[in-house]
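> What follows is a predicted protein model with its sequence.
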Amino acid sequence: MTTLEQLSQAVAAGKSKDAKALTQRALDEGVKPGRLVDEALVPAMAAVGERFKNNEIFVPEMLVAARAMKEAMNLLEPRLLAAGITPKYTALIGTVQGDLHDIGKNLVAVMWRGANFRVVDLGTNVPPAKFVAAINEHRPQLIGLSALLTTTMPAMVETVRTIRASGCPAVKIMVGGAPISQQFAEEIGADGYASDAGSAVDRARELVGAI
Ligand code: B1M
């Protein structure tokens, strides 16, 4: 098995120490950092997302895989930056105003990073105007809104409306969270919906035109 294959397996299994050592080994073998991301880390997190979607693994396994990926990225990021390689797509994500739940939103952010998106996380309880300001600042291709309370679904409606009316650069909007559905997403004029963090990667890639 090649070092890249071993690295991919280590990340998917959440083995942080191995992921770090194998990343270093691959670099010592002369593998380019971009290849490490594209051929080992992204496929590993895609496999993790797929297994999560199919209920074969759960939140803890996903978090340890994300930690292993982070170990590898800590070694790669300075080299990627030095080589002028940055993620092609930027996404903003936040939990809508009035809502403090962030566990699911954080998982979506982790999976988007695993798919090599630059992710700007605006946190929780984010007012519509803050989303608009962040769109103007970061110029993302995608924006993700999360809501966990039926009482904050109207804030999601208001956020989509405010973004659309703001005249800020065109951006695809994805929504999700336990009370959200495909039908609701369509009703409020969002571009996409995902029921879980694994599907959120597939949908994000579709929305930005990466697949
Ligand atoms: Co709250 N809470 N909570 N809570 N809480 C729920 C959501 C609730 C269902 C519990 C219940 O009553 N059975 C209920 C909502 C009822 C409703 O609206 N119908 C509820 C309530 C009522 C409240 C308070 C109002 C309680 C109170 O104070 N009286 C209060 C509200 C505070 C506020 O937000 N203003 C409150 C507070 C809290 C805590 C702070 C204690 C804590 C949050 C901690 C935190 O997030 N840092 C909390 C928790 C933990 C929960 C439960 C137990 C778990 C939520 C969770 O993290 N799930 C929850 C009950 C439950 O779900 N069993 C509950 C795990 C997470 C991985 O799943 O977030 O669904 P989820 O994310 C999934 C998908 O939804 C999707 O992908 C994720 C991963 O697969 N997804 C997206 C999420 N965002 C997405 C975005 C996307 C795409 C997919 O695209 C952008």
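Right, received. Where do you want to start?

> so how many other residues sit close to residue 187?
10 (other C-beta atoms under 10 Å). For glycine as for every other residue, the C-beta is placed from the backbone atoms N, C-alpha and C.

> Repeat that for residue 123.
A count of neighbours around residue 123, defined by other C-beta under 10 Å, yields 13.

> List phi and psi for it.
Geometry field for residue 123 lists phi and psi as phi 90, psi -150, criterion degrees, to the nearest 10.

> Name the surrounding residues that touch the top helix by length along the chain.
Criterion DSSP state H: the longest helix present in the chain is helix 59-82. Outside helix 59-82, the residues that touch it by C-beta atoms under 8 Å, 6 or more residues apart in numbering are 7, 10-20, 22-24, 27, 33-34, 36-37, 40-41, 44-45, 48, 51-52, 86, 103, 107, 110-111, 113-114, 197.

> Tell me which of those residues fall in helices.
7, 10-12, 16-20, 22-24, 27, 33-34, 36, 44-45, 48, 51-52, 103, 107, 110-111, 113-114, 197.

> Now restrict these to buried residues only.
Buried by 16 or more other C-beta atoms under 10 Å: 7, 10-12, 16, 18-20, 22-23, 27, 33, 36, 44-45, 48, 51-52, 107, 110-111, 113-114, 197, out of these.
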